[in-house]
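Visitor: Provide a 3D model corresponding to the input given below.
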Amino acid sequence: MKQFLSSSDGSIQTKIVTRTAEFVSPKHPDKICDQISDAILDAYLAKDSRARVAVDVMGGHGKLYIMGEVTSTANIDIEQIAYKYVGDEMTIGINIVKQSAEIARGVDIGGAGDQGIMVGYACAENEEYLPQEYVLARDLCKYIYDKHQFDGKTQVTVELTYINGRYISTKIKHIVISWQNVPAEELKNILNKWLTQLDKDVELADDYSLSINPAGDWAIGGFDADSGLTGRKIVVDNYGPRVPVGGGAFSGKDPSKVDRSAAYMARKIAVDYLEKHHASEVTVNISYAIGRAEPVDATAYIDGHRCSIVGYDLSPQGIIQELGLLQPQYAERAKWGQQRG
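Guide: Residues are numbered from 1 along each chain as shown. So this is what the prediction gives:
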């Protein structure tokens, strides 16, 4: 049986909230760009763990452009890395220069590679401590992609029930699926199988509805249908629209860039505090100034109560060492969300 606390006057207060989140398949144009950017980063880190990398990719309609800044002792074949993701039918243009010396002088002494605000989040709605609507949209996307590895999107709208601030249950109100090369009827059959595997605290609402390929079945997807850009799915990469984002994207950036490394650390702190305080929800904000090692602010909100963050080395080098961020790992992270359980 779920346990929950009484309010200050001993009453039981029920709150129902509607939330929606989407997810995209690894063959979505934006996600292909994310994976190429991070595969390039991984290739540099495999040969030079101290490589400074900031690479963006834009592609669509037969052309792919790779640009950015790299300072490294390694030489890698960027074009061949890209071809693994897009095939040899696309024309690839590359424009990579060295990192600005004015940025490097701050990073070289252990400072942050940029200013920015990083947000970490954890909630007690599932074993991954991620928003329930986000997990459902992601897991449905994964389930379909395991069977049909094409461009596609999922979207799930839920009603979440809380009693005195504690999560109790989920009702799915609406599901949207748009998937390349898969007829609506087949998608419906796949969805029905997925629904049978849901946790017992998740069920369909009485007014549940469904939209499958709502604009009609479709075969033209990926870069043939749309352009893509590194970093354009930062809400998908984080926690869905429930949680604010600081604005910085992840992919293509080595961990001296705090909009990647400090975001991972903010997530770790949020999970640590959720478990330590048996909380329902924790939000962590960490902000930096370029060239400075220590954050200008580090604050956690535990079930809405503000507290300072102590006991963590929040310098870029401290985070990198704590989380092991100099090892190739990033192309895989780019597929299914950067902030995992």
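
Visitor: alpha carbons only for contacts and neighbour counts from here, please
Guide: Will do.

Visitor: May I ask which helix or strand of the chain has the lowest mean pLDDT?
Guide: None of the helices or strands of the chain scores lower by mean pLDDT, DSSP states H and E than helix 101-107, at a mean of 79.

Visitor: Quick one: distance of it to the chain centre.
Guide: Its chain's C-alpha centre and that of helix 101-107 lie 28 Å apart, by Cα atoms, centre = their mean, to the nearest Å.

Visitor: Can you tell me what sits against it?
Guide: The list of residues contacting helix 101-107 from outside it, by Cα atoms under 8 Å, 6 or more residues apart in numbering, reads 112-113, 256, 290-292.

Visitor: Most neighbours out of those, which is it?
Guide: For the contacts of helix 101-107, neighbours were counted using other Cα atoms under 10 Å, and residue 112 has the most, 30 neighbours in all.

Visitor: can you pull the contacts of it?
Guide: 106, 256-258, 288-293, 315-316 are the contacts of residue 112 under Cα under 8 Å, 6+ apart.

Visitor: cool, and residue 62?
Guide: With Cα under 8 Å, 6+ apart, residue 62 has these contacts: 89-91, 223-224.

Visitor: hmm, which of those are the buried ones?
Guide: 90, 223 (16 or more other Cα atoms under 10 Å).

Visitor: would JSON lines of the contacts of residue 62 with secondary structure be doable?
Guide: Shown next, in JSON lines, are those (DSSP: H, G, I helix; E, B strand; the rest coil):
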{"residue": "89", "secondary structure": "coil"}
{"residue": "90", "secondary structure": "coil"}
{"residue": "91", "secondary structure": "strand"}
{"residue": "223", "secondary structure": "helix"}
{"residue": "224", "secondary structure": "helix"}
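
Visitor: closest to residue 51 among the contacts of residue 62?
Guide: Closest approach to residue 51 among these (Cα to Cα): residue 91, at 26.8 Å.

Visitor: nearest residue to that closest one other than its sequence neighbours?
Guide: residue 63 (4.8 Å; Cα to Cα, 6 or more residues apart in numbering).

Visitor: Okay, and the beta partners of that neighbour?
Guide: residue 60, residue 91 (DSSP bridges).

Visitor: which residues in the stretch 201-341 of the chain form strands?
Guide: Remark: strands assigned in the stretch 201-341 of the chain by DSSP state E, counting those that start in this stretch are 202-212, 228-229, 281-288, 297-302, 305-308.

Visitor: Give the buried residues for the longest one.
Guide: This points to strand 202-212. Using 16+ other Cα under 10 Å as the test for burial, strand 202-212 gives 202-203, 212.

Visitor: Using CSV, write out every CA atom in that strand.
Guide: In CSV, the C-alpha atoms belonging to strand 202-212 read as follows (Å, rounded to 0.1, in the frame of the first residue of the first chain):
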residue,chain,number,x,y,z
VAL,A,202,-0.7,3.2,-14.7
GLU,A,203,-4.0,2.7,-16.4
LEU,A,204,-6.1,4.1,-19.2
ALA,A,205,-8.5,7.0,-18.3
ASP,A,206,-12.2,6.6,-18.9
ASP,A,207,-12.0,9.2,-21.6
TYR,A,208,-8.8,7.8,-23.2
SER,A,209,-8.2,8.7,-26.8
LEU,A,210,-5.7,7.9,-29.5
SER,A,211,-4.2,9.6,-32.5
ILE,A,212,-2.1,7.4,-34.8
